[in-house]
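[1] Below: sequence and its predicted model.
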Amino acid sequence: MNISVQKLLGKIEEELRQAKSSDSEARMREKIYAVKTLCELVLEEQSSSSNTLQSFSTPAPIQTQRMNPYGQVPKMKIDEESNGDSLFDF
């Protein structure tokens with residue numbers, strides 16, 4: 001079964017995006033391991049078939065966007081009697 005290098009690279013990009021947005025180290029390591037496995041498949045494809053490599057073109061760079069998982073935290077309303085933003089201001 002021949003899988004094109006383009007499909008493998010697309011899957012690598014998808015797994016990399018998921019690794020970057022992972023909320024736990026275990027999930028990130030799982031995605032990185034998937035990227036490693038897909039890279040090994042690309043290398044095996046290249047060594048077994050040179051004509052697949054000829055159709056290879058450089059994909060567009062991945063645009064990453066940092067997202068705050070908690071959104072913007074609204075600022076607490078300060079009573080007139082308090083002195084500032086600290087919990088210890090009375």
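    That came through, no problem. Numbering: from 1, shown residues only.
[2] buried sites along the longest helix along the chain?
    Longest helix in the chain by number of residues, with DSSP state H as the criterion: helix 25-48. Buried residues in helix 25-48, counted by 16 or more other CB atoms under 10 Å: 31, 34-35, 38, 42, 45. Every residue, glycine included, has its C-beta placed from N, CA and C.
[3] go on, stretch 10-26?
    Across stretch 10-26, burial judged by 16+ other CB under 10 Å covers 11-13, 15-16, 18-19.
[4] Convert it to CSV, retaining C-alpha atoms only.
    The C-alpha coordinates for stretch 10-26 follow below in CSV (Å, rounded to 0.1, in the frame of the first residue of the first chain):
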residue,chain,number,x,y,z
GLY,A,10,-0.4,16.7,6.2
LYS,A,11,-1.0,14.2,9.0
ILE,A,12,2.4,15.3,10.6
GLU,A,13,1.2,18.9,10.5
GLU,A,14,-2.1,18.0,12.1
GLU,A,15,-0.5,16.0,14.9
LEU,A,16,2.0,18.8,15.5
ARG,A,17,-0.8,21.3,15.9
GLN,A,18,-2.5,19.1,18.3
ALA,A,19,0.7,18.6,20.3
LYS,A,20,1.2,22.4,20.5
SER,A,21,-2.3,22.9,21.8
SER,A,22,-2.2,19.9,24.3
ASP,A,23,-3.3,20.7,27.8
SER,A,24,-1.2,17.9,29.4
GLU,A,25,2.3,16.7,29.0
ALA,A,26,1.2,13.1,28.5
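[5] Over it, what's the mean pLDDT, rounded is fine.
    The average of the pLDDT scores along stretch 10-26 is 93.
[6] Below-threshold pLDDT in this protein: ranges please.
    Flagging of the chain using pLDDT under 70 yields the residue ranges 1, 49-90.
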